[in-house]
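S.K.: below: sequence and its predicted model.
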Amino acid sequence: MIFLYRYCRMLEEGSFRGRTADFVFMFLFGGFLMTLFGLFVSLVFLGQAFTIMLVYVWSRRNPYVRMNFFGLLNFQAPFLPWVLMGFSLLLGNSIIVDLLGIAVGHIYFFLEDIFPNQPGGIRILKTPSILRTIFDTPDEDPNYNPLPEERPGGFAWGEGQRLGG
């Protein structure tokens with residue numbers, strides 16, 4: 001839960017700042033792919049895979065961040081999902097869940113960040129307009145002039161003449 005909270009927050013405040021609909025779309029895309037792939041490997045609980053997906057996307061978008069694992073291992077952020085998978089392996093857990101999260105995170109990262117920037121590449125993942133309507137705030141009209149009742153304080157103080165002048 002701590003990893004989910006931390007990396008979800010860092011993604012939302014970092015590369016998804018002001019793009020809430022894109023953030024929700026990443027969740028939906030990742031959840032759909034994990035559910036689909038989870039059926040083939042007989043996985044029912046995909047929470048850890050989802051967390052690893054978020055860690056993978058964050059680590060690839062922040063490649064120069066230095067990490068420290070239990071004070072023993074220093075590495076850069078793109079290696080974090082692999083270090084976590086190695087730790088799962090050391091604990092005797094199955095790494096299929098971690099590999100699923102890494103695979104889905106890599107698919108999202110490639111389709112969102114790598115492929116559109118290649119020569120002849122196009123943006124395949126497009127956030128549906130219904131999600132943009134629901135989650136993104138509309139652009140403010142630069143010509144909008146609120147009524148005096150809607151302004152903080154009610155009136156535009158300080159726009160009159162100087163006292164004693």
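M.R.: That came through, no problem.

S.K.: show residues contacting stretch 55-73.
M.R.: 3, 7, 10-11, 14-15, 26, 74-81, 83-84, 87, 101-102, 105-106, 108-109, 113 (CB atoms under 8 Å, 6 or more residues apart in numbering). Any C-beta I mention is one placed from the backbone N, CA and C, and that applies to glycine too.

S.K.: what about it, distance to the chain center?
M.R.: Distance of stretch 55-73 from its chain centroid, counting by CA atoms, centre = their mean, to the nearest Å, is 15 Å.

S.K.: do the same with stretch 88-99
M.R.: That offset, for stretch 88-99, works out to 24 Å (CA atoms, centre = their mean).

S.K.: of the contacts of stretch 55-73, which belong to strands?
M.R.: Among those, the residues falling in strands (DSSP state E) are 74, 75, 76.

S.K.: which of those residues sits closest to residue 136?
M.R.: residue 76 (32.3 Å; CB to CB).

S.K.: low-confidence ranges, this structure, go.
M.R.: 139-141, 145-165 (pLDDT under 70).

S.K.: tell me which stretches of it form helices.
M.R.: Here the chain has its helices, by DSSP state H, at 2-13, 20-40, 47-61, 80-90, 96-109, 129-135.

S.K.: name the residues of the longest one that are buried.
M.R.: Of all the residues in helix 20-40, those buried under the rule 16 or more other CB atoms under 10 Å are 20-26, 29-30, 33-34, 37-38.

S.K.: distance of the most centrally placed residue in the chain relative to residue 30?
M.R.: Central residue of the chain (CA atoms, centre = their mean): residue 11, 3.8 Å from the mean position. Using CB to CB, to the nearest Å, residue 11 is found at 12 Å from residue 30.

S.K.: between the two, which contacts overlap?
M.R.: residue 54.

S.K.: can you pull the contacts of the closest residue to residue 82 other than its chain neighbours?
M.R.: Closest residue to residue 82 apart from its sequence neighbours, by CB to CB, 6 or more residues apart in numbering: residue 102 at 7.6 Å. For residue 102, the residues meeting the contact criterion (CB under 8 Å, 6+ apart) are 52, 53, 56, 81, 82, 85.
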